[in-house]
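Undergrad: Structure for this input, please:
(chains A and B)
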Amino acid sequence: AQSVTQLDSHVSVSEGTPVLLRCNYSSSYSPSLFWYVQHPNKGLQLLLKYTSAATLVKGINGFEAEFKKSETSFHLTKPSAHMSDAAEYFCVVNGGSNYKLTFGKGTLLTVNP
Amino acid sequence: EAQVTQNPRYLITVTGKKLTVTCSQNMNHEYMSWYRQDPGLGLRQIYYSMNVEVTDKGDVPEGYKVSRKEKRNFPLILESPSPNQTSLYFCASSLVVDHSYEQYFGPGTRLTVT
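TA: As a prediction, this is how the structure comes out:
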C-alpha cells in the first residue's frame, strides 16, 4: 500500500522569500517520488523526480527537493519565490511493483507582491 | 511535437447517455493512465495500462471502462454516466524504466453530467 500526505493545502509567501511545500509518503517498497505543478486552467507539468539516485533532486525553475528516508519526506523548496510560481503543486508516489501512482491532494501556492 | 491529446475538451451530457473520451499519444509510450481531478481531492487514478491489452484498476474505477487495443490510444468509456462523474479528466502517458518514469499529461477534458 502507498499514500501521500501534503501537509499544507495552502501556502502563501511574499515574492523573493523562500518556498517550502511539505510532502510525506508511505510505501511498502522503495518509492519513486515526483512533484508536479499545475497552473490555473492548465495541465500538469513535471517539476522534478526522485528515483533512488541522488537524494537532493534539482528540477526546473529553481525548485529542488530532498528525499529523506528516515523521515519519509520529500519536501519541495525554492530559495526565492517569483510571481509566476503561483500554482497548485502535487506530490506523487509510486511505491509498488504495479506502477500505480498515488497523488497528494495538492498545495496551492500564493505569491504576494 | 511530442504530445498527449484528448477529445473532446469539454462535454456536457445527460445521465445514462454512453460517452467515450479519447486519448492518444505519439511518443510510443508503454504506460497510459486516466485520472479525475476534483476540488480538494487532487488527482485520483481511474485506470492504467502497462501496454497493449494490459489494463488495471486505479483508485476509483467504478463506473468507468477502458481498452488498450493499440499502443497509442487509451479511450475512457462511461457506459451510463451519472452526475457524480462530473469532473476534470486527464490522460497521461510515460515510458516505463525501473519504476522511474515521467508522466506526460493531456490538456484535460471537462465533463458535466446533468
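
Undergrad: all strands of chain A, in order?
TA: Assignment of strands within chain A using DSSP state E yields the ranges A:2-6, A:10-14, A:19-21, A:23-27, A:32-38, A:44-50, A:56-58, A:64-68, A:73-78, A:87-94, A:102-103, A:107-112.

Undergrad: List the residues that contact the residue lying closest to residue A:40 once chain neighbours are set aside.
TA: Spatial nearest neighbour of residue A:40, excluding adjacent residues (Cβ to Cβ, 6 or more residues apart in numbering or on different chains): residue A:87 at 7.3 Å. C-beta: built from backbone N, CA, C; applies to glycine. Residue A:87 is in contact with A:37-40, A:108-109, counting by Cβ atoms under 8 Å, 6 or more residues apart in numbering or on different chains.

Undergrad: residues in contact with the worst-scoring helix or strand of chain A on mean pLDDT?
TA: Within chain A, no helix or strand scores below strand A:102-103, which has a mean of 88 by mean pLDDT, DSSP states H and E. Contacts made with strand A:102-103 from outside it, assessed by Cβ under 8 Å, 6+ apart, are listed as A:2-4, A:90-95, B:35, B:42-45, B:59.

Undergrad: before we move on, the earlier item: from the contacts of residue A:87, which would you call buried?
TA: A:37-38, A:109 (16 or more other Cβ atoms under 10 Å in any protein chain shown).

Undergrad: Could you count how many residues lie near the nearest residue to residue B:107 once chain neighbours are set aside?
TA: Nearest non-adjacent residue to residue B:107, counting by Cβ to Cβ, 6+ apart: residue A:43, 5.2 Å away. With neighbours defined by other Cβ atoms under 10 Å in any protein chain shown, the count for residue A:43 comes to 17.

Undergrad: Residue A:43 and residue B:104 touch, don't they?
TA: No - in this structure, residue A:43 sits apart from residue B:104 without contact. The criterion is Cβ atoms under 8 Å, and the distance is 9.1 Å.

Undergrad: Please go through chain B and pick out the longest strand.
TA: With DSSP E setting the assignment, residue counts place strand B:42-51 as the longest strand in chain B.

Undergrad: For the next helix or strand after that strand, which helices and strands make contact with it?
TA: Scanning forward in sequence from strand B:42-51 by DSSP states H and E, the next helix or strand is strand B:54-57. Taking 3 or more Cβ pairs under 8 Å, 6 or more residues apart in numbering or on different chains; DSSP states H and E as contact, the helices and strands that strand B:54-57 lies on are strand B:42-51.

Undergrad: just the angle between the strand it packs on and strand A:87-94, please?
TA: Here the directions of strand B:42-51 and strand A:87-94 differ by 40 degrees (axes from the mean of the first three to the mean of the last three Cα atoms, to 10 degrees).
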